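S.K.: next comes the sequence, and after it the predicted model I'd like to discuss.
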Amino acid sequence: MSAFTLADGVWAGPLRAPRNISAEAKGSIHDDATAQRLGLTGGTVAGSIHMEQFPPLMAHLFGEAWNKAGGLSLKFKAPTTDREEVRCHARLVTDIRAEVWMEKPDGTRISEGTASLGPDEDSTLQRIVRGLRAPGGLRMLARARAGAEISGVPAIVMAERLARHLPGVTEKLAIYESGALPPNLAIDALRAVERGLVPVEGPFVGLYGAIELQMLDGPIYAGRAYLARGRLLGFDESPRTEGIWYESVLSDKETGRDVASMIMQSRLMKASSPLWAAAG
């Protein structure tokens with residue numbers, strides 16, 4: 001029997017309970033005490049962990065080619081805590097594009113966006129990036145400049161880390177056993193550009209606001225050497241956060257071919273920054 005159901009044109013995956021695998025990262029948004037101090041109910045499950053629930057449904061809709069050339073573009077709307085149940089959904093728009101979302105059993109949307117087989121110039125995050133406008137008054141990100149670039153950054157996820165991660169993967173695929181990285185670790189490889197690309201003033205607590213992960217000639221493999229390049233795309237602001245958007249591209253160090261790309265929105269909590277506490 002298929003793990004997926006179809007009703008009124010909407011495909012639904014099974015109900016799952018993702019783990020907060022970073023709960024012991026003290027001082028992070030995944031730590032209960034820190035998250036509660038910042039007004040959340042508890043340590044959050046990373047958006048990149050929630051993305052690991054989508055691949056089986058995407059392969060069901062688009063075939064195994066999705067693992068090589070698939071894209072998933074998500075805006076995160078509400079947090080969940082450890083083992084809260086969620087379900088992913090998809091509605092095909094064309095034979096290579098779908099609207100996708102994840103929700104709790106009560107209907108609360110956790111994330112929403114688009115998925116595709118091959119790059120999608122009209123993906124959810126591509127549309128947002130085209131509409132970015134520079135906000136005034138950024139404090140933590142005062143030194144960051146749109147258009148800044150970095151290249152040649154070494155990126156590798158060791159096989160030992162994949163082995164430690166696999167027992168907690170929400171949806172396990174056979175390709176992970178052969179060394180392909182699930183989304184959470186693929187995103188970590190593409191984040192290699194962050195340290196040199198994103199200048200931040202002072203201490204802060206951050207969380208993912210949106211992620212687009214696009215395979216170009218994937219998957220990304222554990223133990224293989226890659227080089228990452230990145231570019232700052234722009235900024236946004238909300239009453240509670242400063243947001244920075246960047247793109248990253250991962251290329252195979254040996255062949256030079258581009259393997260995957262990412263668009264990331266990282267949100268910096270104002271309440272976690274002395275710059276906002278002191279200045280009001």
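M.R.: Noted; the coordinates are in hand.
S.K.: which stretches in the stretch 101-250 of the chain count as strands?
M.R.: Under the criterion DSSP state E, counting those that start in this stretch, the stretch 101-250 of the chain carries strands at the ranges 109-117, 149-155, 206-215, 226-237, 241-252.
S.K.: determine which of those strands approaches Ile29 most closely.
M.R.: For Ile29, the closest of the strands of the stretch 101-250 of the chain is strand 206-215, at 4.5 Å, according to C-beta to C-beta. Quick note: C-beta positions are derived from backbone N, CA and C, even for glycine.
S.K.: just want the angle from the closest one to strand 226-237.
M.R.: Interaxial angle of strand 206-215 relative to strand 226-237 (axes from the mean of the first three to the mean of the last three C-alpha atoms, to 10 degrees): 130 degrees.
S.K.: and strand 206-215, which strands flank it?
M.R.: strand 70-76 (antiparallel), strand 258-269 (antiparallel) (DSSP bridges).
S.K.: figure out how far it is from the centre of its chain.
M.R.: Strand 206-215 sits 3 Å away from the centroid of its parent chain (C-alpha atoms, centre = their mean, to the nearest Å).
S.K.: show the average pLDDT along stretch 243-258.
M.R.: Mean per-residue pLDDT for stretch 243-258: 97.
S.K.: same question for it: list its buried residues.
M.R.: Buried residues in stretch 243-258, defined by neighbour count with 16 or more other C-beta atoms under 10 Å: 243-252.
S.K.: ok, stretch 33-41 next?
M.R.: 34-35, 40.
S.K.: tell me which of those fall in helices.
M.R.: Among the buried residues of stretch 33-41, the residues falling in helices (DSSP state H) are 34-35.
S.K.: got the strands of the stretch 101-250 of the chain as JSON lines, with distance to Leu57 columns?
M.R.: Formatted as JSON lines, these follow (distance: least, C-beta to C-beta, whole Å):
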{"stretch": "strand 109-117", "distance to Leu57": "9"}
{"stretch": "strand 149-155", "distance to Leu57": "28"}
{"stretch": "strand 206-215", "distance to Leu57": "15"}
{"stretch": "strand 226-237", "distance to Leu57": "27"}
{"stretch": "strand 241-252", "distance to Leu57": "24"}
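S.K.: quick one on the thing from earlier: closest to Asn184 out of the buried residues of stretch 33-41?
M.R.: Nearest to Asn184 among these, with distances taken as C-beta to C-beta, is Ala35, at 18.6 Å.
S.K.: so where's the protein uncertain?
M.R.: Scanning the chain with the threshold set as pLDDT under 70 gives 1, 278-280.
S.K.: which residue is the nearest non-sequential neighbour of Ile110?
M.R.: The shortest distance from Ile110 to any non-neighbouring residue, by C-beta to C-beta, 6 or more residues apart in numbering, is to Met102 (4.4 Å).
S.K.: count of neighbours near the one you found?
M.R.: Each residue near Met102 was counted by other C-beta atoms under 10 Å, and the total is 27.
S.K.: and it, what does it touch?
M.R.: By C-beta atoms under 8 Å, 6 or more residues apart in numbering, the residues touching Met102 are 50, 53-54, 86-89, 109-112.
S.K.: return the distance of it relative to Pro135.
M.R.: According to C-beta to C-beta, to the nearest Å, Met102 and Pro135 sit 28 Å apart.
S.K.: Leu181 too?
M.R.: Distance of Leu181 to Pro135, computed by C-beta to C-beta: 34 Å.
S.K.: so those two - more neighbours on which side?
M.R.: Ranked by neighbour count (other C-beta under 10 Å), Leu181 and Pro135 place Leu181 first, with 23 against 14.
S.K.: in this structure that one contacts Leu190, no?
M.R.: No - using C-beta atoms under 8 Å, Leu181 is not in contact with Leu190, being 10.2 Å away.
S.K.: what's around the nearest residue to Glu201 once chain neighbours are set aside, how many residues?
M.R.: Excluding the flanking residues, the one nearest Glu201 by C-beta to C-beta, 6+ apart is Met140, at 5.2 Å. Around Met140 there are 24 other residues, counting by other C-beta under 10 Å.
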